[in-house]
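*Asks:* here is a sequence with its predicted model. Questions after.
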Amino acid sequence: MATLNLNALGKTYPGGVTAASDVSAEISDGEFVVLVGPSGCGKSTILRMIAGLETITTGQLDIDGSRVNDREPGERDIAMVFQNYALYPHMSVRKNMEYGLKNEGLPKAQIAERISEAARTLRLEGYLDRKPRQLSGGQRQRVAMGRAIVRQPKVFLFDEPLSNLDAKLRTELRAELKALHHRLGATFIYVTHDQVEAMSLADRIIIMNAGRVEQIGTPMDLYLRPATRFVAEFIGSPSMNMLEGRIGADRASLSFDSAPPLSLRGDLPGVEGQRIALGVRPEHLDLAGDSAGRIDLSVRFVEQLGADTVVHGAVSGAEVPLAVRLAGVQRHETGTVLPLSYAPGNLHLFDADSGRRLEVEAG
Amino acid sequence: MQKRVIFRSKSLPYLLVLPQIVITLVFFFWPSYQALESSFFIEDAFGFSREWVGLRNYAELFADPGYLRSFRTTLIFGLSVAALALGMSLGLAVAANRVLRAAQVYRTLLIWPYAVAPALAGVIWYFLMNPSMGIVAYWLEGLGVEWNHYVNGDQALLLVVVAAAWKQVSYNFLFFLAGLQSIPKSLIEAAAIDRAGPIRRFWTITLPLLSPTTFFLLVVNLVYAFFDTFALIHATTEGGPADATSVLVFRVYNTGFIGQDYGSSAAQSVILMALVMGMTFIQFRYVERKVNY
């Protein structure tokens, strides 16, 4: 049970490499926060600074209102689950879970009680006397979680805990994690590069890029109102279509370098001639019933996923890639041209240079 | 993936391994056989005649209190050398593993003693510890310790133990450092989060995970102390005073070349060979498997 306050945290290594800078966030008690971003964006560094495994070079970290910058990892009342599980290979599952509790000096009876409870929750009862190498990947990861749970820490930290598992197991454990968070009611901070994991687990997402925070918000905030072009393209699969062009003279059309201008309903923000990127998600495009289509897609290839069909191609007459996600099973031949429509509310505009979101004034 | 090479001609592969086989036969099997054979004979000092005596050489050895004392000395010597060399090198390796800058230089410097020839190592220590002119002996005198390994058998043994261990530290250090570096960092981090301080982490995580390395080095060090320290002892104490540093290998030399009792010397060599074989067996049997986990 804890609140965390990240105040302008930064990490610069002795060699001069800056892994993260100016990361601020307030994490409230019992919240499930996911740090997400591409590899090398600094998300793991942030987690390791919270854990105390990396020194904090700038800024301040508070747990429950008190500064913990200089506290040892063991003194921060946190538990961490590592990507490679980090189970002690020479100890049985039971010994692995006991280790932290023994170091705390907890009475034996209490240790036994906590372990049997954790083993029950994580369905590890039959494996307590096995060594880690005798377990499957999923079981190992559950042991790693067990080792964290028995400690009853204020904050749980997860460093890409599912990325070494296969897809099916990942989905299963994801659900277990969500249930675990619900049951424990503790603060969870979770690092992943997988946006699906982030969307499905998080109460709030901190999305990072190149050592900086791009946006902090609920999954739906990020999906519906991405603050930057980076967020827009990172969240959602397949990722958002981006059409780069200039704002036309009437501020209601977008002209492309090599395609007929696209007319939009409503006034565009910004000034005439400004370079912008127009984003629209593949699932927000649909086949136009008649010839009233706004964009024509010339089909290159089709991905049949069963539940839906993703058609990849380019804007007709231009080399701008475009994808559309259509419901159900559909057949479209390569080379055909599909007229597409969209609802104006589903458009996102970004400044082409800064990547910042521009608000569309609905007309 | 193992790639198998197939030879078309049958003689070529044999031809290729022939040099190795010849070397092994001439330099290892032949002398070994000679030793084994000689151990059943009593030979006169000039090699003109010999007499078959069966196991009498062996029987006499085990009835000889001097030989049994050598066994004890060897055991004390070997275990002390192994303990000292392992302890020191582990300490150095742990320290080196923490050093981030100049680690390469540090490592290279620590490897140097290994390149020193055993006899030379002996001489270095001989000079350092010499009661009349050695600097360390002088310091010891300043501390009130009267050092004279020509008279005091325990001090003589201590001298050869230190000299032998010093030479082995580099070798052990390299293995320990490699072992330490192969322990995943996240394990140590997990232990730190589990509230284990640095010392507790060392005893409960690092040391158990190093146990395969430690066991391997223990066997190697014992073999080294038992069989490879002849030159060192020969250069420093020559087995004395009063047999105090006469380990088994040294006794083989003494009996054979000084005492000219070839039969007994050969029998001692055979016993040593059996010991080496025993230790090699233990090593293959247990080191190849991972110890402890």
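*Replies:* Looks like it arrived, so ask away. Residues are numbered from 1 along each chain as shown, chains lettered A, B, ... in the order given.

*Asks:* nearest to chain B: which residue in the stretch 151-300 of chain A?
*Replies:* Ranking the residues of the stretch 151-300 of chain A by distance to chain B (C-beta to the nearest C-beta) places A:Arg151 first, at 7.5 Å. In short, each C-beta sits where N, CA and C put it, glycine included.

*Asks:* ignore the last one, the stretch 101-250 of chain A
*Replies:* Closest point on the stretch 101-250 of chain A to chain B, by C-beta to the nearest C-beta, is A:Asn103, at 4.1 Å.

*Asks:* list the contacts of that residue.
*Replies:* Contacts were defined as C-beta atoms under 8 Å, 6 or more residues apart in numbering or on different chains; by that measure A:Asn103 touches A:Gly74, B:Asp194, B:Arg195, B:Ala196, B:Arg200.

*Asks:* low-confidence ranges, the stretch 101-250 of chain B, go.
*Replies:* Along the stretch 101-250 of chain B, the model assigns pLDDT under 70 to residues B:101-102.

*Asks:* how does it look with 90?
*Replies:* Applying pLDDT under 90 to the stretch 101-250 of chain B picks out residues B:101-171, B:173-174, B:177-185, B:195-198, B:211-250.

*Asks:* quick one, helices of it?
*Replies:* Listed in chain order, the helices of the stretch 101-250 of chain B (DSSP state H, counting those that start in this stretch) span residues B:103-115, B:118-129, B:135-142, B:153-181, B:185-193, B:198-201, B:207-227, B:230-236, B:248-253.

*Asks:* identify the residues contacting the last one?
*Replies:* Right, helix B:248-253. The set of residues external to helix B:248-253 that reach it, using C-beta under 8 Å, 6+ apart, is B:67, B:70-71, B:74, B:226-227, B:229-230, B:233-234, B:239, B:265, B:268-269, B:271-272.

*Asks:* of these, just the buried ones, ChimeraX syntax please.
*Replies:* Here the buried members of the contacts of helix B:248-253 are turned into a ChimeraX selection, burial being counted by 16 or more other C-beta atoms under 10 Å in any protein chain shown:
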select /B:67,70,74,226,227,229,230,233,234,239,265,268,269,271,272
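
*Asks:* out of the contacts of helix B:248-253, which one sits closest to chain A?
*Replies:* B:Phe226 (29.9 Å).

*Asks:* so who does that closest one touch?
*Replies:* If you count contacts by C-beta under 8 Å, 6+ apart, B:Phe226 has them with B:Thr74, B:Gly78, B:Val247, B:Leu248, B:Val249, B:Leu272, B:Leu275, B:Val276, B:Met279.

*Asks:* pretty sure B:Val151 sits against B:Ala242.
*Replies:* No: the pair formed by B:Val151 and B:Ala242 falls short of the contact definition of C-beta atoms under 8 Å, at 9.5 Å.

*Asks:* more neighbours: which of the two?
*Replies:* Taking other C-beta atoms under 10 Å in any protein chain shown, B:Val151 and B:Ala242 do not tie; B:Val151 has more neighbours (13 against 10).

*Asks:* can you say which of the contacts of A:Asn103 are buried?
*Replies:* The neighbour-count test (16+ other C-beta under 10 Å) marks A:Gly74, B:Asp194, B:Arg195, B:Ala196 as buried among these.

*Asks:* okay then, goodbye and thanks.
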